[in-house]
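Student: Kindly return the folded structure for what I paste below:
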Amino acid sequence: MKDQFFGYIQDLQKRIISKLEEIDGKAHFKKDEWKREGGGGGLSCVIEDGAVFEKGGVNISRVFGKLPEAMQKAFQVEEGDFFACGLSLVIHPTSPKVPTTHANWRYFEMYDKNGNIVQQWFGGGQDLTPYYLDEEDAIYWHTVCKNACDPHHPDFYSKYKKDCDTYFWNAHRNEGRGIGGLFFDYLKPTSDFSVEQWYQFVISVGDSFLEAYVPIVEKHKNEAYTPAQREWQEIRRGRYVEFNLIHDRGTHFGLKTNGRIESILMSLPPHVQWKYNHHSEEGSEEEKLIKVLAHPQDWI
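Tutor: Take a look at the predicted model:
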């Protein structure tokens, strides 16, 4: 399974960067291959200063070896070997009319001293962070997410949509990071759902990403925007940074396990603002977004 899934994310990375380069039409992803001390490595692909995308990264990693101390504490084990691979992406468009997006799909195995698998699971999801709310976009995004889930189980969309709203919640601001999507973790094989069935579900979600995001980018990438709208985007990006540094488990895990710092912080946008006690004008499009983020919506 680990080889099967790693082959999948290698192919998915190529598909995603190829399509995003096509949409941008100017910039290309820089490829940075790296190795991890202790076992494994990855390929970080980063785009900057494009016609459409101001900054973005589509990274894959495949790491293995002795279980780091932080992971031993998390799993309440004293020792063991592990394997983990995944694809993680964050795309920050230049235009405030085009949403930021994040996605991640990952697989993990842990072994006993004889090399037998004692734990294995999948995790991942995809979410959307608009700066100006387009309800048609929100409905479309969630419809694609639901269509990816429904062939595998009728309850998956509602469950993992709710989990996404719960996870991507800036508790210190009492608001969502964006309009959500899907989030799932610790998808372990059981007598009812095999590891192969989980694999098929996760790749169904992964394959839906471009279908969900590309039409939204194409719809808005050529729309005009004002300096004030760009300023609003940078203020909202500040909330994105706050979530990633304060709440995100993946960021914390990477920092505590001596992960590759450039890949971990790739998710941060290049231009951000924090304005003291900022409030949107009453009745504005900006306030409309804030009201929606205060209460997760059922879009479909």
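
Student: quick one: contacts for residue 144?
Tutor: For residue 144, the contact set (C-beta atoms under 8 Å, 6 or more residues apart in numbering) comprises 208, 211-212. Bear in mind the C-beta positions are built from the backbone N, C-alpha and C, glycine included.

Student: Which strand or helix spans it?
Tutor: For residue 144, the host element (DSSP states H and E) is helix 135-149.

Student: That helix - what's its average pLDDT?
Tutor: In this model, helix 135-149 has a mean pLDDT of 98.

Student: tell me which residues of it are tucked away?
Tutor: By neighbour count on 16 or more other C-beta atoms under 10 Å, the buried set for helix 135-149 is 137-138, 140-142, 144-146, 148-149.

Student: Let me know the next secondary structure element after it.
Tutor: Using DSSP H and E, the helix or strand that directly follows helix 135-149 along the chain is helix 156-167.

Student: quick one: buried residues of that next one?
Tutor: Neighbour counts over helix 156-167 (16+ other C-beta under 10 Å) mark 156-157, 160-161, 163-165, 167 as buried.

Student: How about stretch 256-276?
Tutor: Neighbour counts using 16+ other C-beta under 10 Å place 257, 259-260, 263-269, 272 of stretch 256-276 among the buried residues.

Student: could those go into a markdown table alongside pLDDT?
Tutor: Shown next, in a markdown table, are those (pLDDT from 0 to 100):
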| residue | pLDDT |
| --- | --- |
| 257 | 72 |
| 259 | 76 |
| 260 | 84 |
| 263 | 85 |
| 264 | 86 |
| 265 | 90 |
| 266 | 87 |
| 267 | 91 |
| 268 | 94 |
| 269 | 95 |
| 272 | 97 |
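
Student: Out of those residues, list just those in helices.
Tutor: Counted as lying in helices by DSSP state H, out of these, are 263-264.

Student: Helix or strand with the lowest mean pLDDT in this structure?
Tutor: For the chain, scoring each helix and strand by mean pLDDT, DSSP states H and E identifies helix 69-75 as the least confident one, at a mean of 73.

Student: tell me which residues of that one are tucked away?
Tutor: Here helix 69-75 shows residue 71 as buried, counting by 16+ other C-beta under 10 Å.

Student: List the strands paired with the next helix or strand along the chain from that helix, with their directions.
Tutor: Using DSSP H and E, the helix or strand that follows helix 69-75 in sequence is strand 81-93. Here strand 81-93 is paired, per DSSP bridges, with strand 53-66 (antiparallel), strand 100-111 (antiparallel).

Student: model confidence over the longest helix seen in the chain, on average?
Tutor: For the chain, the helix that runs over the most residues, judged by DSSP H, is helix 195-220. Per-residue pLDDT values over helix 195-220 give a mean of 98.
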